[in-house]
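Asker: here's my sequence, what's the structure:
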Amino acid sequence: MSAEPINPKPSFPAAGSSLRSPIARLPSASIYLSAVILLCFADIFAGWHFAALAAIPFLAAYFAKVWRVLMANGRILLGACAAVAAIAAFQPGAVGIIGAGASRMIYLPAFVALLGLLRAAAAASKAIAVAGHYLVSQPPRTRYIALSFGGHFFGILLNVGGLALLVEMVRDANTLEAAGGDPNIVAWRERRMTVAMLRGFAAMAFWTPLGVSFNLLLVSVPGVNWADAGPIGILCAVAFIGLGWVFDQFQRPKGLRPRPLKKVPGGAKAMTLVVGHVAMVSLVTWAIEYMLPLSFQTALLLSVPGYAFLWAFFTRLSHSDPAPLKNSAALLVERGIAAFPAYANEVAVFAASGFLGAAVVALIPQEALRGFFLSLSLPVGVLAALLCFSVAFLGIIGLNPMIAATIIASAVASAEIPGLPKPAIVLAIAAGWACTVVASPMNSALVMTAALVRRQPWTLAAKWNGWFALAALLLSMAVLVAVLSVL
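Answerer: Numbering: from 1, shown residues only. Now for the predicted structure:
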């Protein structure tokens, strides 16, 4: 996934600068994706479902503008969408199939783009950089857990950009001088802190709707709200991070006596603010969900940009800005909307997964799909465990987990298998997805992390995380079998 870099020394538009100038400088791709967002709002909030179909030409124009930077998998997936749409066009109920696929296809790109506004506001906050340095400077006995939860919450707030920020800080702080001249300490710190951050980042798949993975699963399994799976997912995320800590204790080399790193003043307060921002975005979303009323995923489309603006506004106030409203808007335009072309590969994968998950399942006769799953004659616990294994296996051999998770989740949910709760489908697939993040040498977060620490992806996937990922996968499957067998 692409991400905007996070600047540890925030800069702002000049005080009193005009908002017209950054808007006039917007790339055309940003304008096209902004039109998609507005039409997504019309589809969801006004009930104008034709708006989803009207948004597709704007989405196509966006991809045309960013085509040269799209990776091969994004181009292939978009081609697959065109092929499936062509097949659906000749089926009974073609308008309904394509319309449902279009509605799903524009929601995720809109959500990802709006998350970019939150990242833009965070980039202007000094607390983000201070919190990152605070996590890196933790003493050895608490550093693994601190960086695991740091990778988790930075990932929630800043997506993969938060992971990149922490990894870069670790890389810069982990010097030979800081290790007292011992290269073995440098090597161990690099491995330990890197896997801690990556495993914490992967645990997002279990519960947070501010991350694309869990949000995508909720969208793919109709009838499941965050309250149905999220609380249990939080426990799963803690268990996933805790299992990583257990591995860390057993894998630590004997005899190393690393020096503590230099402490960061105000770090604890800054980290509390990071966690507080995550909590506040969630609370605002729940409040909107309750008052309007809307689904949690729909309410996110309102809460995320609104919160991003307020964050930027209060940041500007803290810097005694004489024109905080205008300059907050300019900040979000310059660092948020103007960055939309940089999300090309994310938008391609998310758009394709949304369309394929809805359209492919709609093309398969529901009775045939239901009959297939029932013909397996498997206990529901075993079936859920196989869902978990399938997503992990397909992700490790190279199939993007968004595609695998969307199609599998939509297919199983639509089959209405007796005795298989829909929240269990979400959590089973989330577990497989989390294992993929730490164990697939083709996962984008892992590839980015490997590049930042100048290691081969295979080293992080197999040598550093292989046994952990296998244990997490087997434990997840065992828990699914045990729990669902007694329900």
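
Asker: what ranges do the helices span in the stretch 51-200 of the chain?
Answerer: 72-88, 94-123, 126-136, 140-158, 160-173, 183-202 (DSSP state H, counting those that start in this stretch).

Asker: got a list of contacts for the helix or strand following the last one?
Answerer: Beyond helix 183-202 on the C-terminal side, the first helix or strand identified by DSSP states H and E is helix 212-220. With contact meaning C-beta atoms under 8 Å, 6 or more residues apart in numbering, helix 212-220 is reached by 104, 107-108, 111-112, 115, 159, 204-209, 224-226, 229-230, 233, 296-297, 300, 350, 353-354, 357, 401-402, 405-406, 409-410, 413, 426, 429-430, 433. For glycine as for every other residue, the C-beta is placed from the backbone atoms N, C-alpha and C.

Asker: now helix 212-220, how far from the centre of its chain.
Answerer: 9 Å (C-alpha atoms, centre = their mean, to the nearest Å).

Asker: so it versus helix 94-123, what angle?
Answerer: 150 degrees (axes from the mean of the first three to the mean of the last three C-alpha atoms, to 10 degrees).

Asker: quick one: mean pLDDT for helix 212-220?
Answerer: Mean pLDDT, helix 212-220: 88.

Asker: show me which of the contacts of helix 212-220 are buried.
Answerer: 104, 107-108, 111-112, 115, 159, 204-209, 224, 226, 229-230, 233, 296-297, 300, 350, 353-354, 357, 401-402, 405-406, 409-410, 413, 426, 429-430, 433 (16 or more other C-beta atoms under 10 Å).

Asker: just the buried positions in stretch 147-164, please.
Answerer: Buried, per 16+ other C-beta under 10 Å, within stretch 147-164: 147-164.

Asker: same check on stretch 269-288?
Answerer: Here stretch 269-288 shows 270, 271, 273, 274, 275, 277, 278, 281, 282, 284, 285, 288 as buried, counting by 16+ other C-beta under 10 Å.

Asker: burial measure for residue 186, as a count.
Answerer: By other C-beta atoms under 10 Å, 18 other residues sit near residue 186.

Asker: and the pLDDT at it?
Answerer: Residue 186 carries a pLDDT value of 84.

Asker: what residues are up against it?
Answerer: Contacts of residue 186 (C-beta under 8 Å, 6+ apart): 174, 175, 176, 179.

Asker: if I look at it, how far off is residue 192?
Answerer: From residue 186 across to residue 192, the span is 11 Å (C-beta to C-beta, to the nearest Å).

Asker: residue 121 now?
Answerer: For residue 121 relative to residue 192 (C-beta to C-beta), the value is 31 Å.

Asker: so where's the stretch 201-350 of the chain uncertain?
Answerer: Low-confidence segments of the stretch 201-350 of the chain (pLDDT under 70): 255-262.

Asker: how about 80 then?
Answerer: The stretch 201-350 of the chain contains residues with pLDDT under 80 at 252-264, 293.

Asker: can you show me the helices along it?
Answerer: 212-220, 226-251, 267-291, 296-318, 324-335, 344-363.

Asker: can you list the buried residues in the fifth one?
Answerer: Put plainly, it is helix 324-335. 324, 326, 327, 328, 329, 330, 331, 332, 333, 334, 335.

Asker: and that helix, how far out from the chain middle?
Answerer: 25 Å.

Asker: quick one: contacts for residue 313?
Answerer: Here residue 313 is in contact with 324, 325, 328 (C-beta under 8 Å, 6+ apart).

Asker: just the buried residues of stretch 480-487, please?
Answerer: Here stretch 480-487 shows 480, 481, 484 as buried, counting by 16+ other C-beta under 10 Å.

Asker: since we're on residue 422, how many residues are nearby?
Answerer: Per other C-beta under 10 Å, the neighbour tally for residue 422 reads 19.

Asker: my guess is it contacts residue 223, does it?
Answerer: Yes - using C-beta atoms under 8 Å, residue 422 makes contact with residue 223 at a distance of 5.8 Å.

Asker: between these two, what contacts are shared?
Answerer: With C-beta under 8 Å, 6+ apart, residue 422 and residue 223 have common neighbours residue 413.

Asker: distance check, residue 330 against residue 321.
Answerer: For residue 330 relative to residue 321 (C-beta to C-beta), the value is 11 Å.

Asker: so which bits of stretch 451-461 are buried?
Answerer: Here stretch 451-461 shows 452, 453, 455, 457, 460, 461 as buried, counting by 16+ other C-beta under 10 Å.

Asker: closest one of the residues you listed to residue 66?
Answerer: For those, the closest approach to residue 66 (C-beta to C-beta) belongs to residue 452, at 23.6 Å.

Asker: chain neighbours aside, what residue packs nearest to residue 436?
Answerer: residue 395 (3.1 Å; C-beta to C-beta, 6 or more residues apart in numbering).

Asker: pull the number of nearby residues for residue 321.
Answerer: For residue 321, using other C-beta under 10 Å, the count is 18.

Asker: now it: phi and psi?
Answerer: For residue 321, the backbone dihedrals (degrees, to the nearest 10) come out as phi -70, psi 130.

Asker: contacts for stretch 47-55, please.
Answerer: Stretch 47-55 is contacted from outside by 35, 36, 39, 40, 42, 43, 98, 99, 102, 103, 105, 106, using C-beta under 8 Å, 6+ apart.

Asker: what's the end-to-end length of stretch 408-428?
Answerer: End-to-end distance for stretch 408-428: 11 Å, by C-alpha to C-alpha, to the nearest Å.

Asker: make that stretch 154-165, sorry
Answerer: Start-to-end, stretch 154-165 (C-alpha to C-alpha) is 9 Å.

Asker: who wins for proximity to residue 130 among the helices of the stretch 201-350 of the chain?
Answerer: Nearest to residue 130, of the helices of the stretch 201-350 of the chain and by C-beta to C-beta, is helix 267-291 at 3.9 Å.

Asker: just give me how far that closest one sits from the chain centre.
Answerer: Using C-alpha atoms, centre = their mean, the offset of helix 267-291 from its chain centre is 17 Å.

Asker: do the same with stretch 299-314
Answerer: With C-alpha atoms, centre = their mean, you get 18 Å for stretch 299-314.

Asker: about what we covered before: specify which member of the contacts of residue 313 is nearest to residue 134.
Answerer: Nearest member of the contacts of residue 313 to residue 134, counting by C-beta to C-beta, is residue 328, at 26.2 Å.

Asker: let me see the contact set for that closest one.
Answerer: Here residue 328 is in contact with 309, 312, 313, 315, 316 (C-beta under 8 Å, 6+ apart).

Asker: how does it look with 6 Å?
Answerer: 309, 312, 313, 316 (C-beta atoms under 6 Å, 6 or more residues apart in numbering).

Asker: list every C-alpha atom in stretch 201-209, with coordinates, as PDB.
Answerer: Extracted in PDB, the C-alpha atoms of stretch 201-209 (Å, rounded to 0.1, in the frame of the first residue of the first chain):
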ATOM      1  CA  PHE A 201       0.100  -3.800  12.900                       C
ATOM      2  CA  ALA A 202      -1.300  -7.100  11.700                       C
ATOM      3  CA  ALA A 203      -3.500  -7.400  14.800                       C
ATOM      4  CA  MET A 204      -5.600  -4.500  13.400                       C
ATOM      5  CA  ALA A 205      -7.400  -7.000  11.200                       C
ATOM      6  CA  PHE A 206      -9.300  -8.400  14.300                       C
ATOM      7  CA  TRP A 207     -11.300  -5.400  15.300                       C
ATOM      8  CA  THR A 208     -10.800  -1.800  14.200                       C
ATOM      9  CA  PRO A 209     -13.200  -0.400  11.600                       C
END
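
Asker: contacting residues around residue 211?
Answerer: residue 204.
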